[in-house]
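S.K.: using only what follows, build the 3D model:
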Amino acid sequence: MKLEGKKALVTGASRGIGRAVTERFLAEGADVWGISTKEPGGLAEWTARYDGKLHWQAVDLGDLDTVEKRIEETAQAADGFDILVNNAGITKDSLSFRMSLADFQSVLDINLTAAFLVARTVGRGMIRCRAGSIINMASIVGIHGNGGQANYAASKAGLIAVTKTLAKETAGRGVRVNAIAPGYISSDMTKAMPEAAKTAMLEMIPLKRAGEPEDVAEAALFLASDSSSYITGQVLSVDGGMFM
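M.R.: As a prediction, this is how the structure comes out:
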C-alpha cells in the first residue's frame with residue numbers, strides 16, 4: 001500500500017473532501033489523525049473499522065490563540081507526521097459591497113491563517129526529519145475569482161501563495177508543499193446552490209459532470225505518496241477541465 005507506515009494529519013476531516021481523503025489514506029495503510037470542530041457521527045464504528053489506525057481530535061481552528069498549542073499536542077501524541085492535509089475551510093458568501101468585515105475576516109482566519117499556523121507547526125517536525133508532504137486545499141476560486149466570494153477567493157489565493165513560499169523554504173530539507181484546487185465538487189455547500197446555478201456550472205465543465213470528493217482524494221493520495229517525490233510548489237486543479 002502506498003502510505004503504509006505513514007502518519008497523516010487531516011483537518012476538516014469529518015465530511016466532504018476531508019472525509020474522502022481520510023478514508024483514502026486509511027485504505028492505503030496510513031495512520032490518520034482527523035481534526036474537526038465537532039466529532040463526526042458514527043466515529044466509534046469508523047474507528048473500529050480501521051483497527052485503531054484512525055484517531056480523532058476536536059480542535060476549533062477559528063480560535064487562533066490556541067491552534068498551535070493544540071496541533072503541537074496532537075503532533076507530540078503521534079510522534080510527528082509524515083503528511084499534512086490542510087483541508088478545513090468555511091464560506092460566508094455575499095456581494096463585496098454588502099459583506100461585513102466580520103464575515104470577511106472569519107473566512108480568512110480559518111481558511112488561511114489557521115492553515116498557515118497548522119502547516120508551520122507540523123512542518124517544523126518534518127524539517128527536523130528532513131521528509132514530509134504538506135497539501136493545502138485551495139480552490140479554483142482562488143485562481144479565477146468568483147462573484148459573491150471575495151473573502152473565500154482571497155483566502156484561497158493567499159493559501160496558494162503560502163504554498164509556493166513554504167515550498168521554496170522547505171525543499172532543501174526534504175519537505176514538499178503543494179496545493180490542490182478543486183472545482184465544482186459535490187458537497188453540502190454545492191447541494192445548497194439553486195438548480196439554475198448548478199446547471200450553469202455544469203455547462204462550463206468539459207467532462208460534463210460535477211466532481212466527487214473521491215476525485216480530490218485521489219489527487220491528495222498522489223501528492224502524499226512517493227509517486228510525487230519530485231513535485232513541489234505546484235497547484236493541481238481538479239476541475240474536470242473547467243479552466244484550461
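S.K.: can you pull the contacts of residue 152?
M.R.: With contacts taken as C-beta atoms under 8 Å, 6 or more residues apart in numbering, residue 152 has the following neighbours: 89, 91, 92, 93, 107, 111, 139, 141, 146. C-beta coordinates here come from the backbone N, C-alpha and C atoms, glycine included.
S.K.: the second one - that's part of a helix, no?
M.R.: No - for residue 91, which was evaluated using DSSP: H, G, I helix; E, B strand; the rest coil, the result is coil, with no helix membership.
S.K.: who touches the lowest-mean-pLDDT helix or strand in the chain?
M.R.: Counting by mean pLDDT, DSSP states H and E, the chain has its least confident helix or strand at helix 188-191, which shows a mean of 72. With C-beta under 8 Å, 6+ apart as the contact definition, helix 188-191 has outside contacts at 15, 16, 91, 184, 198, 210.
S.K.: pretty sure the first one is touching residue 41, no?
M.R.: Read that as residue 15. No - Residue 15 lies out of contact with residue 41 (C-beta atoms under 8 Å); the separation is 9.2 Å.
S.K.: so which of those two has more stuff around it?
M.R.: residue 15 (15 against 10; other C-beta atoms under 10 Å).
S.K.: name the residues of stretch 121-132 that come out as buried.
M.R.: Buried residues in stretch 121-132, defined by neighbour count with 16 or more other C-beta atoms under 10 Å: 121, 122, 123, 125, 126, 127, 132.
S.K.: would you point out the most distant pair within the contacts of helix 188-191?
M.R.: 15 and 198 (19.5 Å; C-beta to C-beta).
S.K.: ok, back up a step: inside strands: which ones of the contacts of helix 188-191?
M.R.: Among the contacts of helix 188-191, no residue falls in strands (DSSP state E).
S.K.: residue contacts, residue 206?
M.R.: The contact partners of residue 206, by C-beta under 8 Å, 6+ apart, come to 240, 241, 242, 244.
S.K.: helix, strand or coil: sort out it for me.
M.R.: coil.
S.K.: please tell me how far it sits from residue 144.
M.R.: From residue 206 over to residue 144 the distance is 15 Å, taken as C-beta to C-beta, to the nearest Å.
S.K.: one more: residue 63?
M.R.: Taken as C-beta to C-beta, the spacing of residue 63 relative to residue 144 amounts to 31 Å.
S.K.: okay, which residue is most central for this structure?
M.R.: With the centre of the chain defined as its mean C-alpha position, the nearest residue by C-alpha atoms, centre = their mean is residue 87, 2.0 Å away.
S.K.: quick one: average confidence on stretch 221-236?
M.R.: Average pLDDT, stretch 221-236: 98.
S.K.: what residues sit buried inside it?
M.R.: With the criterion 16+ other C-beta under 10 Å, stretch 221-236 contains buried residues 221, 222, 223, 224, 225, 228, 232, 233, 235, 236.
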